[in-house]
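S.K.: Show me how the following folds:
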Amino acid sequence: MTAPSHRAGGVPGQASGATPSSAPRPTRRVVVSLLLLVPAALVLAALLLLPEFAARQLEALGCSATEIRWSMEGLTLSAVTCPDLQLRKTSFSLHGTNIHVLIDGARADLLGLAQRLLGTHENEPGPLAAAMPGQGPLHTSLGQVLADGIPLARYCRVTNLDLLAGRTPLAKGLSGTLKPLELSSPGTEISERSGILYLNSNMPVPWEQASGTISLQAELNTTNLDLQARMHAPSLGISHPVLARRPFQVGPVGLDLAGNIASCMAGESSLSRHGVPCAFTGVLKVGTIHATIHVLWGPEGQDSPAPRSAGPDDAASRESEPLAAPQASTADYAPSLPGSPRNLVLEIPEGPLASLLEPMKPLLPELAGARVEGSAGLKLEWSHDKPLEVDITLSHLGVTGAIPPGTDLEWGPFTYQVTDSQGTSHPRRSGEGTPDWTPLARVSMHLSHAVLAAEDSSFFNHQGYDATAIQEALQADLREGEILRGASTITQQLAKNLFLDGRQTLARKLRELLLAVEMDRSLGKNRVLELYLNVVEWGPDIWGIGAASERYFLKQPQALDPLESAFLAAMLPNPRKYHDSWYLADRPPRRRMAAILDNMVDAGWLGRRSAERWKQSTLLLVPPPRENKR
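M.R.: This is a model prediction of the structure:
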């Protein structure tokens, strides 16, 4: 019996002539193909789903994008719009095992982002803070936010980034990296080192009433949110109608502020709920003036104005704005810091008045040759639930050399400028030796007393100024944002009539003060009153008491009775207006005249019974010329 033969390398039981491994080859190819196809399909599916995944992540953050697409180079998002953040183009690309992020064109409100990303409530953290296990929303550095916000990213670069703090622009056109944080643009640098965020910037003054460039340096501890900020400007242009009629320069100007913004950023946190707002303290320096500042910023109350919130129209306008060239105006950005100012205190400690006036020297020509003595201080306190409070301290004031050289007011004729009813300015002569001059001895005591009772009841008790009246007037003016009350003594009014114009500004009031202090000391009370009665206007082009008593009563000034005197005194605040409404219309101001008579009684210048009798008397006025009568 013959045994079966086996070819070398054959397989037992294989038929003679069969090709080795020809049977299993198709199966192996299928298996290998499947092994390669499955991961490829998974990668393809992942890539196909990546835009949808990205869209869901954006939606979770309250954001949207006009386009999300992927290619072999990576993922690209176009026109991403988030609350307080806009990104024109964002690209994600894979380099080895690292993700690189490139952002071209962005605008960000830092205050809004800090609130939204880190959280507005201790128990309700923001989107990024919620993704940080074990981290409180206010105990995470900016670097950690970036690292955890883009977990796999090892490099993130941005170009054309604009930063704002609420409505205030901080920097424009920044470029650099976010991981690590190093951003810069001409005049601005932002970086983070060891949990401290640094900002150095030269920027235009963000206030409408000022012009110039300020240098800003800020340091923010991104873990505990301690903030220190320093601003400096060698000179600033100031323009405000309440201060002066023309712009003026002040400088150097500096502001140092320090505080902690944690409770502000917490919004409805337990700190804020228990009435503990953010507190900032600092020093403001304007030339030789040093003022301390205290600011409290807290949660909104029902009695305080709420900050402007963005509506649909605002969002639409922001979405439509080109990011590559953002507008300089930021009026469409509302402040994102929760709450509002609750209390503001600015205090200038009492010090030499000359030093306090030094920054105003361009507006006070009297200071050029004057010597100023005495001290002054100022405290302004505002609270959200009560009006502005003003406290002024003036002590031992003395001024010499403020009156223009060559002016002799002690005796004899002098010249001063008046503006007639046609608006024309021209010189007028007065004083001893001029036709219209009336010595004080030939003026009725009733008139002198009526004028003092109406305009300056403490005339004989002050040194040319009334500190209490100045304080009350400044308080009213600052509350309303315009000059409403003059607070001028007889001496200050005389200074205005002789040397100044009628513009209502704080600069003019300071000039009045300097001149009045010197005039009160150098001339004495009787001479000041005598000059005043002879130079003030009592109606259109009616200058001095001699012309006034003749026009209204056909009398000499010494013959005026109490009622006639009260009428003339009542006209002084606005003689041209009252000439028309009272004299031409034959409607004497009986209530105002009665009040002046009462003031004369209170001062001891008129008896009560006599005052009541004069109140019931008829005021006999000279009929106005027929062409002027109404």
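S.K.: got the buried residues for stretch 437-449?
M.R.: Neighbour counts over stretch 437-449 (16 or more other CB atoms under 10 Å) mark Trp437, Thr438, Leu440, Val443, Ser444, His446, Leu447, Ser448, His449 as buried. Placement of C-beta: from N, CA and C, glycine included.
S.K.: scratch that, stretch 285-292
M.R.: Going by neighbour count (16+ other CB under 10 Å), the buried part of stretch 285-292 is Lys285, Val286, Gly287, Ile289, Ala291.
S.K.: how about the third one, phi and psi?
M.R.: With angles defined as degrees, to the nearest 10, Gly287 shows backbone torsions of phi 60, psi -120.
S.K.: try the last one
M.R.: Listed backbone geometry of Ala291 is phi -130, psi 140, with angles given as degrees, to the nearest 10.
S.K.: shift numbering so it begins at 812
M.R.: In the new numbering, first residue 812, that becomes Ala1102.
S.K.: returning to that earlier point: quick check, nearest of the buried residues of stretch 1096-1103 to Val1347?
M.R.: Proximity of the buried residues of stretch 1096-1103 to Val1347 (CB to CB) peaks at Ile1100, which lies at 34.7 Å.
S.K.: neighbouring contacts of stretch 1386-1394?
M.R.: Applying CB atoms under 8 Å, 6 or more residues apart in numbering, the external contacts of stretch 1386-1394 come out as 1232, 1347-1351, 1353, 1363, 1378, 1381-1382, 1398-1400, 1432, 1435, 1441.
S.K.: Now, of those residues, which are buried?
M.R.: Buried members of these, scored by 16+ other CB under 10 Å, are 1347-1350, 1353, 1363, 1378, 1381-1382, 1399-1400, 1432, 1435.
S.K.: Farthest pair within those residues?
M.R.: Checked with CB to CB, these reach their widest spread between Val1347 and Pro1435, with 20.4 Å between them.
S.K.: Could you save the buried ones among the contacts of stretch 1386-1394 as TSV and add columns showing pLDDT, secondary structure and distance to Trp1393?
M.R.: Below are these laid out as TSV (pLDDT from 0 to 100; DSSP: H, G, I helix; E, B strand; the rest coil; distance: CB to CB, whole Å):
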residue	pLDDT	secondary structure	distance to Trp1393
Val1347	96	coil	17
Glu1348	95	strand	15
Trp1349	96	coil	12
Gly1350	94	coil	10
Ile1353	95	coil	13
Tyr1363	97	helix	10
Phe1378	98	helix	8
Ala1381	97	helix	8
Met1382	96	helix	7
Pro1399	95	coil	6
Pro1400	95	coil	6
Leu1432	95	coil	9
Pro1435	87	coil	11
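S.K.: The buried residues of stretch 1248-1260 in helices, which ones?
M.R.: Counted as lying in helices by DSSP state H, out of these, are His1257, Leu1258, Ser1259, His1260.
S.K.: With pLDDT and distance to Gly1023 added, can I get the residues you listed in TSV?
M.R.: Converted to TSV, those look like this (pLDDT from 0 to 100; distance: CB to CB, whole Å):
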residue	pLDDT	distance to Gly1023
His1257	97	56
Leu1258	97	52
Ser1259	97	51
His1260	97	52
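S.K.: still on that earlier bit, using CSV, lay out the buried residues of stretch 1248-1260 together with distance to Ser995.
M.R.: Output for these, formatted as CSV (distance: CB to CB, whole Å):
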residue, distance to Ser995
Trp1248, 73
Thr1249, 75
Leu1251, 73
Val1254, 75
Ser1255, 78
His1257, 77
Leu1258, 74
Ser1259, 72
His1260, 73
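S.K.: any idea which of these is the one closest to Leu1325?
M.R.: Nearest to Leu1325 among the buried residues of stretch 1248-1260: Leu1251, at 25.0 Å, using CB to CB.
S.K.: excluding its backbone neighbours, what's nearest the closest one?
M.R.: Leaving aside its sequence neighbours, Leu1251 sits nearest to Glu1341 (CB to CB, 6 or more residues apart in numbering; 3.9 Å).
S.K.: Tally up the residues packed near the one you found, please.
M.R.: 23 (other CB atoms under 10 Å).
S.K.: Settle this for me: it is touching Glu1243, isn't it.
M.R.: No: Glu1341 lies out of contact with Glu1243 (CB atoms under 8 Å); the separation is 9.9 Å.
S.K.: Now do the shared contacts for those two.
M.R.: Jointly contacting Glu1341 and Glu1243 under the rule CB under 8 Å, 6+ apart are Pro1250.
S.K.: What is the helix or strand containing Ser1206 packed up against?
M.R.: Ser1206 is located in strand 1197-1211, with elements delineated by DSSP states H and E. The contact analysis (3 or more CB pairs under 8 Å, 6 or more residues apart in numbering; DSSP states H and E) places strand 1197-1211 against strand 1182-1194, helix 1278-1291, helix 1317-1334.
S.K.: Would you single out the least confident of those?
M.R.: Mean pLDDT values for the helices and strands packed on strand 1197-1211 show the minimum at helix 1278-1291, a mean of 76.
S.K.: give the contact list for Arg1322.
M.R.: Under the criterion of CB under 8 Å, 6+ apart, the neighbours of Arg1322 are Leu1175, Pro1176, Glu1177, Ala1306, Phe1310, Leu1311.
S.K.: The fourth one: neighbouring residues, count only.
M.R.: Okay, so that is Ala1306. By the measure other CB under 10 Å, the count of residues near Ala1306 is 29.
S.K.: Check the last one too.
M.R.: Leu1311 sits with 17 neighbouring residues when counted by other CB under 10 Å.
S.K.: so Gly998 makes contact with Pro1015?
M.R.: No: in this structure, Gly998 is not within contact of Pro1015 by CB under 8 Å, at 10.3 Å.
S.K.: So what's the model's average confidence on stretch 1420-1430?
M.R.: Throughout stretch 1420-1430, pLDDT has a mean value of 96.
S.K.: List the contacts of it.
M.R.: Residues outside stretch 1420-1430 that contact it (CB under 8 Å, 6+ apart): 1372-1375, 1377-1378, 1399, 1401, 1404-1405, 1408-1409, 1411-1412.
S.K.: Among the contacts of Arg1322, name the ones in helices.
M.R.: Ala1306, Phe1310.
S.K.: Dump the contacts of Arg1322 into TSV; add pLDDT as well.
M.R.: Below are the contacts of Arg1322 laid out as TSV (pLDDT from 0 to 100):
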residue	pLDDT
Leu1175	92
Pro1176	92
Glu1177	92
Ala1306	95
Phe1310	94
Leu1311	90
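S.K.: now, which of the contacts of Arg1322 sits nearest Ser1333?
M.R.: Nearest member of the contacts of Arg1322 to Ser1333, counting by CB to CB, is Ala1306, at 12.1 Å.
S.K.: Next, work out how far apart the closest one and Val1346 are.
M.R.: Distance of Ala1306 to Val1346, given as CB to CB, to the nearest Å: 11 Å.
S.K.: ok, and the closest non-adjacent residue to Ser1046?
M.R.: That would be Gly1062: by CB to CB, 6+ apart, it lies 3.4 Å from Ser1046.
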